[in-house]
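Asker: Provided below are the primary sequence and the corresponding predicted coordinates.
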Amino acid sequence: MKPHHFFPLLPLAVLAQENTPLPASCSTFPTTGTYPKNPLLPDPFLLADGTRLTTREQWACKRAEIRSQMQSLELGIKPPKPTVSATLSGNTISITCSEGGKSISFSASIRAPSGSATKPYPAVIGLGGGSISVPAGVALISYNNQDLAADNPHGVGKFYTLYGNTHTAGGLMAWAWGVSRVIDALEILGAEKTGIDIKRLGVTGCSRNGKGALIAGAFDDRILLTIPQEGGSGGPGCWRIVNEMKKNGTKVEDSTQIVRGDGWFTPSFIKTADDVSVLPFDHHMLMALVAPRALVVIENSGIDYLGPPSTYGCTVAAKEVFKALGVADNVAISQNSHGNSHCQLPSAQSPDVKAFFDRFFFDQTTATTGFVKTDGKWTFELKRWAGWTLPVLP
């Protein structure tokens, strides 16, 4: 397989870690305190100390700052890798995680590609199995994320058996932690046993699992391709844009509703969910955490509840970070209206998903990525929502 050439910041060998080591130039990041209200989308190129990014290397510092702030204020803390062991029986991976004298076990299943695909295969980890079309030559690894954390209430599931039911991690972060442990298991077992190429891994999920897939991709640098499907608010949708939609009469899921109905976020998020303008981030910065790796957002423009204008605008804003890093084609959004058929990928979007597989798993550089597509009747004015401009980062 040819080497990948779309990581301009760091060598691929360094990116093959859950958390890429930071440059020595990065300072300590504030995780607590209050921030001035900002009704616009916060500047992804401005550090908390007021320093504006001037080089691509500094993005690693801003990225770490965003991760720290999001864990503290919205998602909860993602614990570091515990002691992990794994076995393979047939197509089932059994994973045991131990920490502080406690242990949990859960499993994932591998569906190898049909036909004449050559090992080791690239693979997509599907939260809840996923619902996108996995192309020929790509394996699917299914993982029951609900086994680790229930939707509601907070603190129920094997993750909390290991770390305690008062752990700050919401369900979405617990699910992302589980994805990382599946990757650990693949590394432990090796490609000869699993048939999986751990340098070509993706993650996907739909609806709540789409939110979880995005967070998994944002918080594990070993994931090459992230495909959230119909994740809506709390995933690729920006809270601030959702709030404006709701003020204008659209029935859309917002932060106030989510924190009172589901255990997806850290319990303390309820303190700011009613006024997200105090957050120093929004979800354009969550998506930017994936950069410079690949991200394609798949949305149903026909379901108002998902907030499709928000996911559209949020992705457009996130794309500015990818542009600044010289990888504008590594992020895209595809919106297609298919009524209330939630989590059913229509044929019109299959080529968009396949293009990302072709380019980033199979090095087909002629595949068209980087698109911004919607059949919706809305527009998004970045200048109105940003209040910041795209810097040149040498």
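Answerer: Arrived safely. Source: prediction; values computed, not measured.
Asker: neighbouring contacts of stretch 151-166?
Answerer: For stretch 151-166, contacts defined as C-beta atoms under 8 Å, 6 or more residues apart in numbering pick out 79, 82, 97, 99, 102-106, 146-150, 167, 169-171, 174, 177-178, 208, 261-264, 267. Where you see a C-beta, it was placed from the backbone N, CA and C, and this is true even at glycine.
Asker: if we go to 10 Å?
Answerer: Contacts with stretch 151-166, where a contact means C-beta atoms under 10 Å, 6 or more residues apart in numbering, come from 76-77, 79, 82, 97-100, 102-106, 145-150, 167-171, 173-175, 177-178, 181, 208, 261-267.
Asker: and those residues, which are buried?
Answerer: Buried members of the contacts of stretch 151-166, scored by 16 or more other C-beta atoms under 10 Å, are 76-77, 79, 82, 97, 104, 106, 145-150, 167-171, 173-175, 177-178, 181, 208, 262-267.
Asker: Name the next helix or strand downstream of the helix or strand Tyr312 falls within, please.
Answerer: Here Tyr312 sits within helix 308-324, counting by DSSP states H and E. For helix 308-324, the following helix or strand on the C-terminal side (DSSP H and E) is strand 331-336.
Asker: Could you tell me the angle between the strand or helix carrying Glu65 and helix 308-324?
Answerer: Glu65 is part of helix 57-70 when elements are defined by DSSP H and E. Computed by axes from the mean of the first three to the mean of the last three C-alpha atoms, to 10 degrees, the angle separating helix 57-70 from helix 308-324 equals 150 degrees.
Asker: Give me the sheet partners of the helix or strand just after helix 57-70 and which way each runs.
Answerer: Scanning forward in sequence from helix 57-70 by DSSP H and E, the next helix or strand is strand 83-89. With DSSP bridges as the test, strand 83-89 is paired with strand 92-99 (antiparallel).
Asker: Dump the strand it pairs with to PDB, restricted to CA.
Answerer: Extracted C-alpha coordinates of strand 92-99, given in PDB (Å, rounded to 0.1, in the frame of the first residue of the first chain):
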ATOM      1  CA  THR A  92     -15.400 -12.000  18.100                       C
ATOM      2  CA  ILE A  93     -12.900  -9.800  20.000                       C
ATOM      3  CA  SER A  94     -13.200 -10.100  23.700                       C
ATOM      4  CA  ILE A  95     -11.700  -7.000  25.500                       C
ATOM      5  CA  THR A  96     -10.900  -6.800  29.200                       C
ATOM      6  CA  CYS A  97     -10.000  -3.400  30.800                       C
ATOM      7  CA  SER A  98      -8.600  -3.200  34.300                       C
ATOM      8  CA  GLU A  99      -8.000  -0.200  36.500                       C
END
